[in-house]
Structure formats: structure tokens, C-alpha cells
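# Generate coordinates for the sequence data below:
(4 chains)
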Protein chains: 2
Amino acid sequence: MEGGARETGNPLLFLTDEQLRKGIEAMFFAYRGFTADPDRILSDIAYGRAHHRAIHFIHRSPGGTVNNLLAILGVTKQSLNRVLRGLMEDGLVRSEIGKRDKRERHLYLTEAGEALERQLSDAQRDRMRAAYRAAGPEAVTGFRQVLEAMMDEDMRNRYDALKDLKG
Amino acid sequence: MEGGARETGNPLLFLTDEQLRKGIEAMFFAYRGFTADPDRILSDIAYGRAHHRAIHFIHRSPGGTVNNLLAILGVTKQSLNRVLRGLMEDGLVRSEIGKRDKRERHLYLTEAGEALERQLSDAQRDRMRAAYRAAGPEAVTGFRQVLEAMMDEDMRNRYDALKDLKG
DNA sequence: ATAATACGTCAGCTTTGTTGACATTCCAAG
DNA sequence: CTTGGAATGTCAACAAAGCTGACGTATTAT
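Next up is the predicted model:
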């Protein structure tokens, strides 16, 4: 027999269905807040979340290939290509043919792209900063621990890979 | 100076742009995991996330009105109606005309609806439980604190209103 | 009586995802 | 050098789920 209220005194009360449900609903409502500010900015310029994600990750690892980005985002190349085409037509993203492997396209933000990225991530960071500040450093540690434990294996790998770039 | 912004001395290191960016990316990848299991189940039966949300919140407050659900989900009535119609045609949701106010429709899950809800929330809870267990009770407290601080005002109100139902 | 509310519905549009098919370009192996 | 396969791009068609706007019908409130 495992599980259950075995420890001393306080027995896994944080694992009740009630607690889990609250966590699930907190995640749902919080994610709305998380995306609300960028969504507002983007709707003004006829872009959506997909554009935001592409911009974010191109900014994070400039010179990454299309395949790389595809793996991070987890969408089909057709879907990404549509978004990327729009961004390139609007002069926010440029692609360079690879030197070692000329099949590959290396993606970069243009200055205009960087400017939009800054605008979007400033908004999103502001909210995150306010939440972090309100909750305090220990809460932030716990927040990150739970989120990381919630990821799929391959998601965590992608996340960790990004973490190593600058962080 | 190194990590671990604690109370004394070390001021707000957890609020650096790097920390915030990691939080943003953690949120992005974790939300994927959060929805992955229900998504898999739903795709087998030609439903999507919108159906899941409707089912979840009808289960949470049975007998709630359409307007009520609309407020929680934050979508248009046309969008919700499409989903609801499908669920009712498939016998997962039923609606009752209000007794006090006959304009209102009160929504309930049928037995089949409850069964699907259980299947979905079991899957989602399993993952949440694993994450909670891996991170520990203190992390869970922090997790919830940050998420709640991240919500918009009205989102928090909706979240709190649901919390009061059973929790 | 009239206005407002709650709900449903039709029509049309957008974003973002999906499959499937196919062409091009290029690297690498035989 | 030829050929197979990988990386990329693109066309077409489609679906889920959001949106706006307009309209209809009960029902309730003023």
C-alpha cells in the first residue's frame, strides 16, 4: 500500500481533487490574462497569436532554421509558412539561405520585427512582473517548478534548450 | 551576487527580464501539456477544446444559464451556441426552460455528458496531480498565487465565484 | 404599451490549425 | 554521376472556433 495520509500530520492535502480542480481552473483563467495584452496589440495590426509565437522564438534564437522553429511551435510547416510569409511580406522577418546547407532558411527579425517583439514582450513582461511581485520570490520558484513538471517530455526539452541559450 | 533572491539583502532578482522570460516560456510550454491529454481524447470524437470548456463549466455549476456560461467563457453567444448545439444533439447536454424566468435556459450534463466529463477531467487531473506531487505542497501554493495574480480583474472574479461553489 | 432581456439563428468573415500532393534544391552515398 | 532522401516551399481543400451584424421570438420589466 502506498499513497495516502501517511506522512506526519499533514497528509497530501494538496493533492485532493478539489485542489487539483482549482489548479486546473486557475491555469485556464490565468492563461487568458497571460495572452490578453499581446492579443490586444496584435488585433490592431491584423496579426494573431501565431504571429506572436513566431516572432518570440525567432527573437529568442535568431538564425534558427524553419525546421527548428517548427519543432518548437509544434505546428505543420504549411501553417507556419503562412504566418512566416505574412511576416516577411510585411518586412518583420527576413530569411537567409544557409551557407553550409543551402536548403535551410535561417530566420531573423528585421528592425521593425524587433520593435514589434519589444512591444509585445514588454506588455507580457509587465503583467508577469506584476504577478511575480505580488506573489513573491518563493511563490515564483514554486510556480516554475509546477509548470515544468506539467510539460511533456519533448516540451521540457525544447524549454530547456531555450533556457540554455542566454539564461 | 548570485541567485536565490530571499528576504534579506538580495533585492528583486526574481524580477529580472531573464526570469520573466523564463516564466513566459514556461507558461507557454506548460499550457500545451495542460491541454494535451483532453485534446487527444476529444480529437477521437470530433470535439475540440471549446467543447471541453463548455462541459467543464456546466459540470461545475449545473443549472447555470447560457448567459452565465457566456460570461465565464468570454466568447460570443454565436460561438457558444454552435458548440452547445452539437453537445445537445449528441445527448451530452440538456437545457431546461427556467421556472422563474422562462426566457432562461438552464444547462445540465446528461449521464453521457457526465461520463465524458469524468474521462476528460480524470486525464487532466492525473497530469496535474503528477506535477503537484513532483513539485511539492509549497510549490503548489506558489503556483496558485502567481496564477491568481496573473488574471484580469473579471477573470479573477469568475474564478473566485467558481471557487465558492464547492471549494 | 413599450422597452429591455435572454436566447437562438442565419450569413459571412478571419485566424490558425489540419491532410495530401507535388516541385525544387541540395547533400550524401553508392 | 546518379539516385535517394532531407529541407523547404507551395497549391488546394478543409475544419474548428472565434468574430460581427442582423433579425426573430419569447418573456419580463417598466
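# Who is A:Leu109 paired with across the strands?
With beta bridges defined as DSSP bridges, A:Leu109 has these partners: A:Val93.
# which ones are touching it?
Contact analysis of A:Leu109 by C-beta atoms under 8 Å, 6 or more residues apart in numbering or on different chains lists A:55, A:58-59, A:62, A:92-94, A:117. Any C-beta I mention is one placed from the backbone N, CA and C, and that applies to glycine too.
# Please pick the buried ones from those.
By the neighbour-count criterion of 16 or more other C-beta atoms under 10 Å in any protein chain shown, these include these buried positions: A:55, A:58-59, A:92-93, A:117.
# Now flag whichever of these is closest to chain B.
Proximity of those to chain B, judged by C-beta to the nearest C-beta, is greatest for A:His59, which lies at 10.0 Å.
# State the phi and psi torsions of the residue of chain A at minimum distance from DNA strand C.
Among the residues of chain A, A:Gly48 lies closest to DNA strand C, at 1.5 Å counting by C-beta to the nearest atom of the strand. Geometry field for A:Gly48 lists phi and psi as phi -130, psi -170, criterion degrees, to the nearest 10.
# ok, now how distant is the nearest residue to it once chain neighbours are set aside from B:Asp164?
Taking C-beta to C-beta, 6 or more residues apart in numbering or on different chains as the measure, A:Gly48 lies nearest to A:Leu42, with 6.0 Å between them; neighbours along the chain are not counted. With distances taken as C-beta to C-beta, to the nearest Å, A:Leu42 is found 34 Å from B:Asp164.
# neighbour-wise, which of those two wins?
Neighbours per residue, other C-beta atoms under 10 Å in any protein chain shown: of A:Leu42 and B:Asp164, the larger number sits with A:Leu42, 20 against 7.
# gap between the more buried one and DNA strand D?
With distances defined as C-beta to the nearest atom of the strand, to the nearest Å, the gap from A:Leu42 to DNA strand D amounts to 13 Å.
# cool, and A:Glu18?
Distance check for A:Glu18 against DNA strand D: by C-beta to the nearest atom of the strand, it reads 26 Å.
# That residue: which element?
When elements are defined using DSSP states H and E, A:Glu18 is found to belong to helix A:17-44.
# From the contact counts, what lies against that helix?
Secondary-structure packing of helix A:17-44 (3 or more C-beta pairs under 8 Å, 6 or more residues apart in numbering or on different chains; DSSP states H and E): helix A:49-60, helix A:111-135, helix B:17-44, helix B:111-135, helix B:137-150, helix B:153-166.
# could you dump those to CSV with distance to B:Leu87?
CSV is the format used below for the helices and strands packed on helix A:17-44 (distance: least, C-beta to C-beta, whole Å):
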stretch, distance to B:Leu87
helix A:49-60, 26
helix A:111-135, 33
helix B:17-44, 12
helix B:111-135, 7
helix B:137-150, 28
helix B:153-166, 20
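# Dump those into TSV; add mean pLDDT as well.
Rendered in TSV, the data for the helices and strands packed on helix A:17-44 read as follows (pLDDT from 0 to 100):
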stretch	mean pLDDT
helix A:49-60	96
helix A:111-135	97
helix B:17-44	95
helix B:111-135	97
helix B:137-150	97
helix B:153-166	84
